[in-house]
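Chemist: let me see the structure of the following:
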Amino acid sequence: MTTPRALLGGLAAPLLLLLGGAQAEAKSVLMISIDGMNPQYVTEAEARGLKMPNLRRFMVEGAYASGVRGVTPTVSWPSAVALMTGTPPARSGVLNNERFEPSDRNKPAGVYLYARDVKTDTLWDAAARAGLVTANVDQLASVGSPSVRYDIPRYEPTGWATENLKATEVASRPANFLQEMEARLGPYNGVDFDTPDYDATRARFAVDILRTRKPQFMSVHLSGVDVEAHAHAPFSPEANRAAEGVDGLVGQLRAAALAADPDAVVVVVSDHGQAPATRILNLRIPFIEAGLIRIEPPAPGRAARVADWKADVWAAAGAAIMLKDPADAATRAKVGEVLHRLAADPANGIARILEGAEIEKLQGFPGAAFVVDMKSGTTVGSALVGPVLVERPAPVGVHGYLPDNLQMDASFFIAGKGIAAGRNLGRVDMLQVAPTVARALGVKLKDATAPVLPVFAAEGSR
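Modeler: Modelled structure (predicted):
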């Protein structure tokens, strides 16, 4: 006979699931983003001769993905926002690293630097609404956010390094927060972006915030793997050393988070992977030849630039093709002719040309007339003069291909109180990450709709 107590016990687990998995909630979450880290730096560390003890611990003590299918395009800013919102670029409003700018005269000011650029609810917003203390070091698109209590944002509003350093101090909050920390910890700014000291400095300041402010939700962004992979190709000796260095920083950050709160959950993600590339297809040059772009030729002290355009290229590794007048059927037809002619030559590295409903399914590049999907090894360039196809002297690392390219897969690792141990989730969707972090925090994202990942021990391996 089933007793009332037994019946209640049998109902408890489903009831807790309906209530949002309360048994899986953590008091605090630290979310570390490692720019450009393919999951294989960790999941295949031993086979690749890499020493990644801290991240390998997550595979034993927590849950992890074999790969994370990214968003379109697979570049840093829209991907970082997707990780923080659970929404694709077409909804979040952060559509590429830089806004579409045919004149090329508004860079780097065209970068989506500001919290106001994000049109959907972020984890910072959800945590702040719940009364949690929030913090951030170097994660993207946080500048000016009222939801981040302690913020040292990624802020590069000009092309002048010294001005960017000053801007970071001004953009940090609360007022004089960064300057006060620098007085104790040494300079935050002034460290070269392409040296290990850059990430080490970010980690040192993040550890101090964890120790002194005890945030309940904190994001940290580390860049070294991406920098070295861009310069030397993914899994090059330089990128591997950067990955091992970042692994050490993850160990420091996790230790600080657990010292501040022994029940903390630590999440490690990346925004995208990287693939080696040796060729550049300068799509704008055939457009110029077809009369779709008119340029002002180069002159002494000035590069060539766009004077007028009917269609232009919004590049990632592939590209979106934008029409000045989307209703211009003649231009659309001419662009299609140019693209399909180029795609017919395998040397150009074009995998396929997408239109209409195929673009809508990507949930990225809204308003594009065409999307050019490139094969790994060739990327779309933006040069206005010179050869159409350029061979690089050595491979470099690139990203921005469509997310069905497995080399673009990002990483996901999670460990802490309530997280299942040793659970391989397989390949997951990037839009599931933010709802999962929200569940761990016990907060609700307004706009995310993807299901929570089955990382919580009490919820089984659904």
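Chemist: only C-alpha atoms from now on, for both contacts and neighbour counts.
Modeler: OK.
Chemist: quick one, helices of the stretch 151-300 of the chain?
Modeler: For the stretch 151-300 of the chain, the helices defined by DSSP state H, counting those that start in this stretch cover 161-171, 177-185, 196-213, 224-232, 237-260, 284-289.
Chemist: and the angle from the second one to helix 196-213?
Modeler: Here the directions of helix 177-185 and helix 196-213 differ by 100 degrees (axes from the mean of the first three to the mean of the last three Cα atoms, to 10 degrees).
Chemist: what sits against Asn54?
Modeler: Each residue near Asn54 by Cα atoms under 8 Å, 6 or more residues apart in numbering is listed here: Asp247, Gly248, Val250, Gly251.
Chemist: spatially, which two of those are the most separated?
Modeler: Largest separation among the contacts of Asn54 by Cα to Cα: Asp247 and Gly251, giving 6.4 Å.
Chemist: joint contacts of the two?
Modeler: Joint contacts of Asp247 and Gly251 (Cα under 8 Å, 6+ apart) are Asn54, Leu55.
Chemist: same drill for these two, tell me which one is more crowded.
Modeler: Shown here are Asp247 and Gly251; by other Cα atoms under 10 Å, Asp247 has more neighbours (21 against 16).
Chemist: that one and Val42, how far apart?
Modeler: From Asp247 across to Val42, the span is 9 Å (Cα to Cα, to the nearest Å).
Chemist: domains of this structure?
Modeler: 12-274+405-459, 276-398 (automatic domain parsing).
Chemist: mean pLDDT lowest where, among these?
Modeler: Among these, domain 12-274+405-459 carries the lowest mean pLDDT, a mean of 91.
Chemist: quick one: distance of it to the chain centre.
Modeler: Centroid separation for domain 12-274+405-459 versus its chain: 8 Å, with Cα atoms, centre = their mean, to the nearest Å.
Chemist: over to stretch 378-398?
Modeler: Distance of stretch 378-398 from its chain centroid, counting by Cα atoms, centre = their mean, is 23 Å.
Chemist: got the contact list for it?
Modeler: So stretch 378-398 is contacted by 229-234, 274-286, 288, 295, 304-305, 313, 315-319, 348-349, 374 (Cα under 8 Å, 6+ apart).
Chemist: quick one: residues contacting the closest residue to Pro53 other than its chain neighbours.
Modeler: Distances taken as Cα to Cα, 6 or more residues apart in numbering place Asp247 nearest to Pro53, at 7.3 Å, with adjacent residues excluded. Neighbouring residues of Asp247 by Cα under 8 Å, 6+ apart: Met52, Pro53, Asn54, Leu55.
Chemist: helices - which of these land there?
Modeler: Judged by DSSP state H, these include Pro53, Asn54, Leu55 as members of helices.
Chemist: mind putting those into TSV with distance to Ala329?
Modeler: Below are the ones in helices among the contacts of Asp247 laid out as TSV (distance: Cα to Cα, whole Å):
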residue	distance to Ala329
Pro53	57
Asn54	56
Leu55	52
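Chemist: hey, which strand is longest across the protein?
Modeler: The longest strand of the chain (DSSP state E) is strand 389-398.
Chemist: buried sites along it?
Modeler: For strand 389-398, the neighbour count (16 or more other Cα atoms under 10 Å) marks Leu389, Val390, Pro395, Val396, Gly397, Val398 as buried.
Chemist: kindly reformat those residues as JSON lines containing distance to Pro89.
Modeler: Listed next are the buried residues of strand 389-398 as JSON lines, based on distance: Cα to Cα, whole Å:
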{"residue": "Leu389", "distance to Pro89": "30"}
{"residue": "Val390", "distance to Pro89": "30"}
{"residue": "Pro395", "distance to Pro89": "29"}
{"residue": "Val396", "distance to Pro89": "26"}
{"residue": "Gly397", "distance to Pro89": "23"}
{"residue": "Val398", "distance to Pro89": "20"}
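Chemist: show me the two of these that sit farthest apart.
Modeler: It's Leu389 and Gly397 that sit farthest apart of the buried residues of strand 389-398, by Cα to Cα, at 17.7 Å.
Chemist: contact partners for Tyr150?
Modeler: Taking Cα under 8 Å, 6+ apart, we find Tyr150 in contact with Thr134, Ala135, Asn136, Ser172, Arg173, Pro174, Phe177.
Chemist: of these, which belong to strands?
Modeler: Thr134, Ala135, Asn136.
Chemist: surely the first one is in contact with Arg213?
Modeler: No - using Cα atoms under 8 Å, Thr134 is not in contact with Arg213, being 9.3 Å away.
Chemist: more neighbours: which of those two?
Modeler: For Thr134 and Arg213, the more surrounded residue by other Cα under 10 Å is Thr134, and the numbers stand at 25 against 15.
Chemist: partner residues bridging the more buried one?
Modeler: Taking DSSP bridges as the rule, Thr134 bridges to Phe217.
Chemist: tell me the contacts of it?
Modeler: Trp124, Ala127, Ala128, Ser147, Val148, Arg149, Tyr150, Pro215, Gln216, Phe217, Met218.
Chemist: taking those residues one by one, which sit in strands?
Modeler: Among the contacts of Thr134, DSSP E puts Tyr150, Phe217, Met218 in strands.
Chemist: including distance to Glu337, could the residues you listed go into CSV?
Modeler: Shown next, in CSV, are the ones in strands among the contacts of Thr134 (distance: Cα to Cα, whole Å):
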residue, distance to Glu337
Tyr150, 52
Phe217, 51
Met218, 49
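Chemist: Ala434 and Thr85, how far apart?
Modeler: Distance, Ala434 to Thr85, using Cα to Cα: 6 Å.
Chemist: now do the contacts for Thr120.
Modeler: Contacts of Thr120 (Cα under 8 Å, 6+ apart): Thr85, Thr87, Arg91, Ser92, Lys446, Asp447.
Chemist: can you count the residues close to the third one?
Modeler: Residues contacting Arg91 under the criterion other Cα under 10 Å number 18.
Chemist: so which bits of stretch 36-53 are buried?
Modeler: Gly36, Met37, Asn38, Pro39, Gln40, Tyr41, Val42, Thr43, Ala45, Leu50, Lys51, Met52.
Chemist: can you measure across that stretch, start residue to end residue?
Modeler: Distance between the two ends of stretch 36-53: 19 Å, counting by Cα to Cα.
Chemist: send over the longest strand of the chain as CSV, restricted to the C-alpha atoms.
Modeler: This file holds the C-alpha atoms of strand 389-398, laid out as CSV (Å, rounded to 0.1, in the frame of the first residue of the first chain):
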residue,chain,number,x,y,z
LEU,A,389,42.2,35.6,-54.2
VAL,A,390,45.2,36.0,-51.8
GLU,A,391,47.4,33.2,-50.5
ARG,A,392,48.7,33.7,-47.0
PRO,A,393,52.4,32.8,-46.4
ALA,A,394,51.4,30.8,-43.3
PRO,A,395,48.1,29.6,-41.8
VAL,A,396,46.3,31.8,-39.3
GLY,A,397,43.3,31.1,-37.1
VAL,A,398,39.9,32.3,-38.1
